Structures are given as C-alpha cells and as structure tokens.
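*Asks:* show me the folded form of this:
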Amino acid sequence: MIPWLILFYIRRDLRAEMIIMGGVMALGVSFSCYRWCTVDWWHPLTITNTRIGIEDFICGFAIGGIAAALYEEIFKRHHRKNRNRKVEHDHPIIFFSIIALFLLSTEFFFSYLGLTSFIASTLAEALIIILLIARHRVPLMQALASGVATAFISMPVYWTMNFLSPGWIDATYYFDTLSKIRFITIPIEELIFYFMMGMLFGPLYDYWKGYRHFQQEKRVQRK
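*Replies:* Take a look at the predicted model:
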C-alpha cells in the first residue's frame, strides 16, 4: 500500500481512477484466489486462517490502483476527454462486461481445458488486451509501459518479505505446477502476473471513460 498512498497523495487528478480500479481489482483478486489460484498456484497463510483473507482484498486494491495511475505519473501524463470521436463504451455495463469476459475465459481455460490457474488467467488477460488494442485502439505503448512498471514496483515487496521471513516462497507456492524459474529469487509467474495486470488495468479506465493523454506544458512567465 505504500506506493499506492504515494501515488494517491501526489496525483489528485487520478484519485477516482485509483479507487475505482482498486475496488474492482480487490474483488477480482479475492474471487480469483478463492476459485483458481489457491488450487495450484499458491497457498498463503492468512490472519484468519482461511483460504482467502483480508490480505487478498488489500493486495488487489493496491495492485489495481497502482496499475491505473503508474503510467500517468511516470510519463507525467494527464487525462483529457477525446472529443474527436463518439465514445460509445462510456457505460458501466461495457466496463463490467470486460471484467466478466476475463472471469468467464479463465474459468473456461481452467475447468474445461484443464489448464493451470496461472496459464488460464494469463491467456484470458492476453485475450482481452489484444481485443482492446486491436478493436478499441488502446495505446500499445501505454499498456506495455504500465505492465513493466507494475511488475518492477512489485519486486521490492517480494525482497522485503523474503528478508523478513526467509523461505516463505518455498513454503507458499505450488512449484509442482509452476515453472520453478525465478528471477532474483521471485517466481517468474508472479512477475508475469503483475505485468499482465498492469497491461490490462493500466489503460482500462481510460478506455472506459474515453480519455486520451496529453503532457502538461509548463507555462513560462515573461518578465
């Protein structure tokens, strides 16, 4: 939550976006962990000693908010309504239809095709990202930059947890169904997860609202 709070403080123009996308992601992560991820991806301990806990909700809220605002902050972008075209998708039904498509696709890949939860969710995310980029002209560079930045900002979290509790990764993840590949001690699946979440949730709010980005120009005062 520390990066989330920093972004929330310095980017007042993105606070609504961070809260909305954080809330959607919090519910999505909680459901995904209960339905898929805790089956063959990982089995984290919770303070309530239940399958999922408040930790899942907080983690999802932080991921969603950070992914939604990180690109704008790094590249100092601001929102502006795109008035050059009619925005037909500026409606909650369209937005939540995209979320539903992700959940249904993941369930199809997981339950009917027998893929692991990691592969199933990654394919579902890739499907929606390709659809948004190809069909609705979501900027590819914005999606990629959001994905890379979200994955990068997650890395210190894992290093901190591994320092405070050595061996927690080996005790938490189902490496029998994962690739066993690690990048600087972090399971590669985790970095891919954050990358895909950043790609999807970074431009999703802007697409929904019909925003386009512009770089704020500094005003030069003449003496």
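
*Asks:* next up, phi/psi of the nearest residue to Trp159 once chain neighbours are set aside, please.
*Replies:* Computed as Cβ to Cβ, 6 or more residues apart in numbering, the closest residue to Trp159 that is not its neighbour in sequence is Thr185, at 7.0 Å. C-beta here means a position set from N, CA and C on the backbone, and glycine is covered the same way. Dihedral angles of Thr185 (phi, psi; degrees, to the nearest 10) stand at phi 80, psi -10.

*Asks:* surely Thr185 meets Tyr158?
*Replies:* Yes. Counting by Cβ atoms under 8 Å, Thr185 touches Tyr158, with 7.0 Å between them.

*Asks:* overlap of the contact sets of those two?
*Replies:* Jointly contacting Thr185 and Tyr158 under the rule Cβ atoms under 8 Å, 6 or more residues apart in numbering are Ile169.

*Asks:* more neighbours: which of the two?
*Replies:* Each of Thr185 and Tyr158 has its neighbours counted (other Cβ atoms under 10 Å); Tyr158 has more, 18 against 11.

*Asks:* what distance do you get for the nearest residue to the more buried one once chain neighbours are set aside to Pro203?
*Replies:* With Cβ to Cβ, 6+ apart as the criterion, Tyr158 has its nearest non-adjacent residue at 4.7 Å, and that residue is Ile186. Using Cβ to Cβ, to the nearest Å, Ile186 is found at 25 Å from Pro203.

*Asks:* and if you look at Phe110?
*Replies:* Distance from Phe110 to Pro203, counting by Cβ to Cβ: 25 Å.

*Asks:* have a look at these two and say which one is more surrounded.
*Replies:* Counting neighbours by other Cβ under 10 Å for Phe110 and for Pro203 shows that Pro203 has the greater number, 27 against 22.
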